[in-house]
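> Below are the sequence and a predicted model; questions follow.
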There are 4 protein chains.
Amino acid sequence: MNTFGQLFRVTTWGESHGGAVGAVIDGCPAKLKVDIQRIQFDLDRRRPGQSHLTTPRQEPDQVEILSGIFEGKTLGTPILILVRNKDARPSAYEHLKDVYRPSHADMTYQEKYGIRNWQGGGRASARETVGRVAAGAIAKQILYEQCGTEIVGYVKQIHKVLAEINPQTTTIDQIEQSLVRCPDPQASKEMVNSIDRARQEGDSLGGVVESIARNVPVGLGEPVFDKLKADLAKGMMSIPATMGFQIGSGFNSTTMKASEHNDSFYNDEGQIRTRTNHSGGIQGGISNGENILIQTAFKPTATIRKDQQTVDIDGNEIVLSARGRHDPCVLPRAVPIVEAMMALVLVDHLLRQNAKNLENSVS
Amino acid sequence: MNTFGQLFRVTTWGESHGGAVGAVIDGCPAKLKVDIQRIQFDLDRRRPGQSHLTTPRQEPDQVEILSGIFEGKTLGTPILILVRNKDARPSAYEHLKDVYRPSHADMTYQEKYGIRNWQGGGRASARETVGRVAAGAIAKQILYEQCGTEIVGYVKQIHKVLAEINPQTTTIDQIEQSLVRCPDPQASKEMVNSIDRARQEGDSLGGVVESIARNVPVGLGEPVFDKLKADLAKGMMSIPATMGFQIGSGFNSTTMKASEHNDSFYNDEGQIRTRTNHSGGIQGGISNGENILIQTAFKPTATIRKDQQTVDIDGNEIVLSARGRHDPCVLPRAVPIVEAMMALVLVDHLLRQNAKNLENSVS
Amino acid sequence: MNTFGQLFRVTTWGESHGGAVGAVIDGCPAKLKVDIQRIQFDLDRRRPGQSHLTTPRQEPDQVEILSGIFEGKTLGTPILILVRNKDARPSAYEHLKDVYRPSHADMTYQEKYGIRNWQGGGRASARETVGRVAAGAIAKQILYEQCGTEIVGYVKQIHKVLAEINPQTTTIDQIEQSLVRCPDPQASKEMVNSIDRARQEGDSLGGVVESIARNVPVGLGEPVFDKLKADLAKGMMSIPATMGFQIGSGFNSTTMKASEHNDSFYNDEGQIRTRTNHSGGIQGGISNGENILIQTAFKPTATIRKDQQTVDIDGNEIVLSARGRHDPCVLPRAVPIVEAMMALVLVDHLLRQNAKNLENSVS
Amino acid sequence: MNTFGQLFRVTTWGESHGGAVGAVIDGCPAKLKVDIQRIQFDLDRRRPGQSHLTTPRQEPDQVEILSGIFEGKTLGTPILILVRNKDARPSAYEHLKDVYRPSHADMTYQEKYGIRNWQGGGRASARETVGRVAAGAIAKQILYEQCGTEIVGYVKQIHKVLAEINPQTTTIDQIEQSLVRCPDPQASKEMVNSIDRARQEGDSLGGVVESIARNVPVGLGEPVFDKLKADLAKGMMSIPATMGFQIGSGFNSTTMKASEHNDSFYNDEGQIRTRTNHSGGIQGGISNGENILIQTAFKPTATIRKDQQTVDIDGNEIVLSARGRHDPCVLPRAVPIVEAMMALVLVDHLLRQNAKNLENSVS
């Protein structure tokens, strides 16, 4: 379904080449100041055409808010966010109407729904994430204002280039200075070169986005099924092109012994902290106050210019020579999407945890 | 929260050393035959004390069903599953009452709830998964009866021992012949040795469970947030001790180019198939009919016998010498839990997809 | 929250004098033809300014659909419905900014949210129901196309005028011929006169809307909490100004004996029918195939022109002389809203029941 | 479905003549003292066999709690409540196996599910409400401890006997002194006589339960769909045998003018109050701090001893001579059920409102 969250519920809507895309946020607390510029900032980081490394589709992705905000503050009522599609070119996809592109959603949408909007991926297009990013930008503001929680994402790896980054200290300014949103300058340069090569070859590359939440309240997460790590995993794996998720020591934990892996507690001037953070900030499915660190793997974008074997809607085997605009690597644009999903998970759990604080209850 | 699923809703309940543990299934379709022996079979695979490699806690884990089944068939009403705790020894945990064990849920539960059942992990104990395994065994029966779908899990890796297994063909019989549920006999032997060493050292090991769903209907998964891979990720990451999830080519996809990674379609005597399955059976968040293949990473169990630095509930730094019964490696017992969660995700999505088939609707 | 339904989920959004109002429908099955004119028809029945008996606010209430429909058919993706506010006059409410109008939502919204959009009722305005009516019009089309189910509402009572209407046979044409949507011509005339008098007095009137669903499939309703009558009650009582709900014999059943009230079954040429329908088409919370008949009570609209005692936001006692545009009786405009909610309940339960029909399942 | 509530989620389970009935509560806040005796007290008020006016089925209805409570306090984990069926006599219903009793759920369950437990109504039996009453008793304790909110229900009308009761002041002691839970002694006596007569005739009677919540916090209710009145309506109409619901002035409001009906605000020593309470304590779907007053109509119980025309499962028309144990009037036993549902609605909305109070949030 198209809604994410239990209490801070975000419903996204819109097809890639329809009239508009957007989201409704239901459950946003009232009286919160919303800075529209912060929303636009994240949309600009996500939008196509921001550099020669991304698809040339030109979308200003200007945000409009049609309800739920009054005199700069949230009303506690649904917030309707709308972004018009300006550079839609449905006709450019006419030749793909009856084609199942490999590793795309064409076949599965057609089989599931018996119909699909074949224009640029329709609903399966990553254009759908516009609504996520806008809603996530509001979630980030709430987290920061209420708890000082800060969410930072960046590109950790593209294809075979792995960056060295200190997640505890890297800043958004450092990240934004890189065309590929990788704050390791050397790796950033190599990543740009790799993407350029792939673009020239008509091919595309995948990679890993790492993201961190700093200054997270203790106590977020709802065992046993809505563990914080479980909802983060779901949020990440709901992003198009994702193939894997890990938290803290992740898959590397499997080759460690518990005596190496366990995070010893100590008393840091009255606050209980852990000396290591293999747990990635979550224990028993609940945040422990340490930074939450996660990684999300993205496959190489399925759209390429090279010829590919495939079938059409009638099952005929054909050769597909793709045209149209696309990204040789989505990682740089995926960063604000990852941040948005992380923010949506955290703010939802903040409200859920808050519900239980009956000491503070109305009465 | 303690409920999983939208239409096939499983709510588990129970603490490790309380009176009982179990689950309620709400939304199970009516008139389905349920074989209690199949439930017991999976509980037996999960139960403690099944070999010298697991905790010696002796629990027969005999399943009782108190509602929802009538003359061997489901009524469409809630199914209450109950398993009594027989070998509970709450007093054995008295010394842990005020201790925060490293990388356990003690601290976060205490901080979140302001109270916790400190007897053997309470609700955070993996004993909670009894309800999941029983419910999953019913889900498996439905999947098999309705669609011929078969779910098979096994241990792919323990610590540094990596098995070679053909996921397409390995059978439950091959898996069950291994003490560690690894159907590669050589790797199995090495895994047993590794675990034995860890046990003697008072340490513990992690690893990877791989699981496959074969003969999956096309069309399962609800974009954009309830993509099938997203719900599988959530299901897996809701299991205690999990640190990572991947599907198909997973993290390895990040070092491939799209021209290598894309799964070409072809026409297999009228059925559209893919020549490779890097997508792991899911495209656009929807099953494409290929086998679904996933991996879940488990950290080394946090409970060990070695001394550890930690703090108590008042923040005093102490040394913990653990006693009590525990597993030197949970992987073998995790297999039926992984299978159960995979089954719960699939059967829920089967019902969700079915809801849309209005051609077949009541009228 | 602002979402109604489990599988056919309608989220409405928008404030009375904001930029627009509307709804998102998530979960609508794919490949269904949608007739936009049928949506507009119902919006026209709801819109203000349709006769001298309603508020003179002039809103064309032209429906726009921005996603989810492609070449006239549903895609199975979210349907975004948008209706612009054209005759918003926020400044006309400036004098009410700090006033709590009696029996309005001003005080409770302010207390709950700490903020409110005071322009014409903001979110609490019945203008919010635009989204419900548009979504309900789609639900009606689905019900009719899939099951032949027809939903008809009309005004049964206004103030002390009670109409005589045969619910089994009355038609929408008969209803629409009446300015007050009461198909009893004599009662209709008296109702018009009553409303006119109330309008001249600066007062307002309440009444009862009756609605019927004909040709309903057997088997809709999900015990024990989501009984069909329970969801109908919720749907109706979620409409602004409603005070009561009854089904079938309703409150009158309380003075009957079971021997009078029970609906005897008989065999009507192979179909099991009941000779009477005191149950109102629902038994055990599940539709039995007889017509579903419900009544909803509306209080007299709270906005009047007469002077009233009240307090302002600071607690000062004041006299309120209302200005602004309002309805002397909302009943005629409430008819399409009641129909919409009835349709939303039925179509949601149709999908829910359908989910269980595994015989028809994908496989 | 069998779950009620968004944050305080109660799932009931069990068939009338199965092994047991009960409930799971998920989402109950932690650290709350639970008085088991208060649960038992309400179960005793609901249980059969409590007077000669009720069914003679003998059920002690002793409550067992198997999880979620530790040393007398809630853990914040699921609370499993179990009540064994002691006086089940499934064989007594053998003759009803193939019969559709008029105005019962036999036919609709069979049609919906294709199977039913025909023993004493199975899941459709009011025995299901055991779980509701037990969960409601916990909800009542939370409401009282946290907010001082008190919920009181009583019989307002049985058949043609209407009681005069002051809802503001009547006490549970006064109510419990009456065999029929009607605190008007004269009416109580007449009600007893009416029921006795009906019992002798082999017939049954309906009536109205009124219930009040006193000292309710301002601000409960979640517009637009989860208005407090909407959720109360749903809660009440989910109880077996209910036919109608009204709040405050209810259906009587329809014959009043707004100038009579509107509740004027005044300043009561700093607190904003209303002079009348036609709104029944809810405005705009949100509690305004006045007492919440609702009425629920119950039809005469469908089970009677008189002969009735009906059909069997094959459609053959037959005459049914009912045997078995049943209530000539369920109203007295319905009182704790109504109270329970009212408590469940209020406590759920208390948590939902609490979630929004970010001023009090964790941080």
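Received it, and whenever you're ready, just let me know what you need.
> close to chain C, is the longest helix along chain A?
For chain A, the longest helix by residue count, based on DSSP state H, is helix A:331-355. No: judged by Cβ under 8 Å from any Cβ of the partner chain, helix A:331-355 stays clear of chain C, getting no closer than 12.1 Å. C-betas here are computed from N, CA, C, even on glycine.
> ok, and does that helix reach over to chain B?
Yes: residues of helix A:331-355 contacting chain B under Cβ under 8 Å from any Cβ: residue A:353.
> repeat for stretch A:157-172
Yes: residues of stretch A:157-172 are located near chain B by Cβ under 8 Å from any Cβ, namely A:157, A:159, A:160.
> Please pick the buried ones from the residues you listed.
Buried residues within those, defined by neighbour count using 16 or more other Cβ atoms under 10 Å in any protein chain shown: A:157, A:159.
> which outside residues touch the helix or strand residue A:173 falls within?
Counting by DSSP states H and E, the element that carries residue A:173 is helix A:172-176. With contact meaning Cβ atoms under 8 Å, 6 or more residues apart in numbering or on different chains, helix A:172-176 is reached by A:45, A:152, A:153, A:154, A:181, A:182, A:183, A:335.
> need the residues you listed in a markdown table with secondary structure, can you?
Output for the contacts of helix A:172-176, formatted as a markdown table (DSSP: H, G, I helix; E, B strand; the rest coil):
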| residue | secondary structure |
| --- | --- |
| A:45 | helix |
| A:152 | strand |
| A:153 | strand |
| A:154 | strand |
| A:181 | coil |
| A:182 | coil |
| A:183 | coil |
| A:335 | helix |
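> Quick one: the helices in the stretch 51-200 of chain A, in order.
A:106-113, A:129-147, A:172-176, A:185-201 (DSSP state H, counting those that start in this stretch).
> what's the angle between the last one and helix A:331-355?
Here the directions of helix A:185-201 and helix A:331-355 differ by 120 degrees (axes from the mean of the first three to the mean of the last three Cα atoms, to 10 degrees).
> Name every strand pairing with the helix or strand just after helix A:185-201 and say which way it goes.
Next along the chain after helix A:185-201, taking DSSP H and E as the criterion, comes strand A:207-214. If you go by DSSP bridges, strand A:207-214 pairs up with strand A:150-158 (antiparallel), strand A:292-298 (antiparallel).
> Could you dump those into JSON lines and include mean pLDDT?
What follows is the strands paired with strand A:207-214, written out as JSON lines (pLDDT from 0 to 100):
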{"stretch": "strand A:150-158", "mean pLDDT": "98"}
{"stretch": "strand A:292-298", "mean pLDDT": "98"}
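> Would you mind putting these into a markdown table with distance to residue B:205 alongside?
Below are the strands paired with strand A:207-214 laid out as a markdown table (distance: least, Cβ to Cβ, whole Å):
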| stretch | distance to residue B:205 |
| --- | --- |
| strand A:150-158 | 27 |
| strand A:292-298 | 22 |
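> The helix holding residue A:173: which residues count as buried?
The neighbour-count check on helix A:172-176 (16+ other Cβ under 10 Å) flags A:172, A:174, A:175 as buried.
> do stretch A:199-213 as well
A:199, A:202-213.
> for the record, mean pLDDT for that stretch?
Per-region confidence: stretch A:199-213 scores 97 on mean pLDDT.
> now do stretch A:165-174
Mean predicted lDDT for stretch A:165-174 stands at 97.
> Between all of the buried residues of stretch A:199-213, which two are separated the most?
A:202 and A:213 (37.5 Å; Cβ to Cβ).
> re the thing from before, ok, of the residues of stretch A:157-172 next to chain B, which one's closest to chain D?
Comparing the residues of stretch A:157-172 next to chain B against chain D with Cβ to the nearest Cβ places residue A:157 closest, at 33.5 Å.
> check contacts around that closest one.
Per Cβ under 8 Å, 6+ apart, neighbours of residue A:157: A:163, A:207, A:208, B:254.
> Just put the residues you listed in CSV and tack on distance to residue B:139.
What follows is the contacts of residue A:157, written out as CSV (distance: Cβ to Cβ, whole Å):
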residue, distance to residue B:139
A:163, 42
A:207, 35
A:208, 33
B:254, 32
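> ok, the residues you listed vs chain D, which is closest?
Distance to chain D, by Cβ to the nearest Cβ, is smallest for residue A:208 among the contacts of residue A:157, at 30.7 Å.
> measure the residue lying closest to the closest one once chain neighbours are set aside to residue A:295 for me?
Distance criterion Cβ to Cβ, 6 or more residues apart in numbering or on different chains; nearest residue to residue A:208, sequence neighbours excluded, is residue A:157 at 4.1 Å. Here residue A:157 is placed at a distance of 9 Å from residue A:295 (Cβ to Cβ, to the nearest Å).
> Find residues that contact each of those two.
With Cβ under 8 Å, 6+ apart, residue A:157 and residue A:295 have common neighbours residue A:208.
> residue contacts, the residue in the stretch 101-250 of chain A that chain C sits nearest to?
Closest to chain C within the stretch 101-250 of chain A is residue A:113: 3.8 Å, counting by Cβ to the nearest Cβ. Shown in contact with residue A:113 (Cβ under 8 Å, 6+ apart): C:30, C:31, C:75, C:76.
> Can you pick out the most distant pair from those?
It's C:31 and C:75 that sit farthest apart of those, by Cβ to Cβ, at 8.5 Å.
> Grab the CA positions of stretch A:60-75 and hand them over as PDB.
What follows is stretch A:60-75 as a C-alpha-only set of coordinates in PDB (Å, rounded to 0.1, in the frame of the first residue of the first chain):
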ATOM      1  CA  PRO A  60      12.100  22.300 -11.000                       C
ATOM      2  CA  ASP A  61      10.200  20.200  -8.500                       C
ATOM      3  CA  GLN A  62       8.700  23.200  -6.800                       C
ATOM      4  CA  VAL A  63       6.700  22.300  -3.700                       C
ATOM      5  CA  GLU A  64       3.200  23.400  -3.100                       C
ATOM      6  CA  ILE A  65       1.300  22.800   0.100                       C
ATOM      7  CA  LEU A  66      -2.500  22.900  -0.200                       C
ATOM      8  CA  SER A  67      -3.600  22.100   3.300                       C
ATOM      9  CA  GLY A  68      -2.600  21.500   6.900                       C
ATOM     10  CA  ILE A  69      -0.300  24.500   7.400                       C
ATOM     11  CA  PHE A  70      -1.700  27.800   8.600                       C
ATOM     12  CA  GLU A  71       0.400  30.900   9.100                       C
ATOM     13  CA  GLY A  72       3.600  28.900   8.900                       C
ATOM     14  CA  LYS A  73       2.500  26.200  11.500                       C
ATOM     15  CA  THR A  74       1.000  22.800  11.300                       C
ATOM     16  CA  LEU A  75      -2.700  22.500  12.100                       C
END
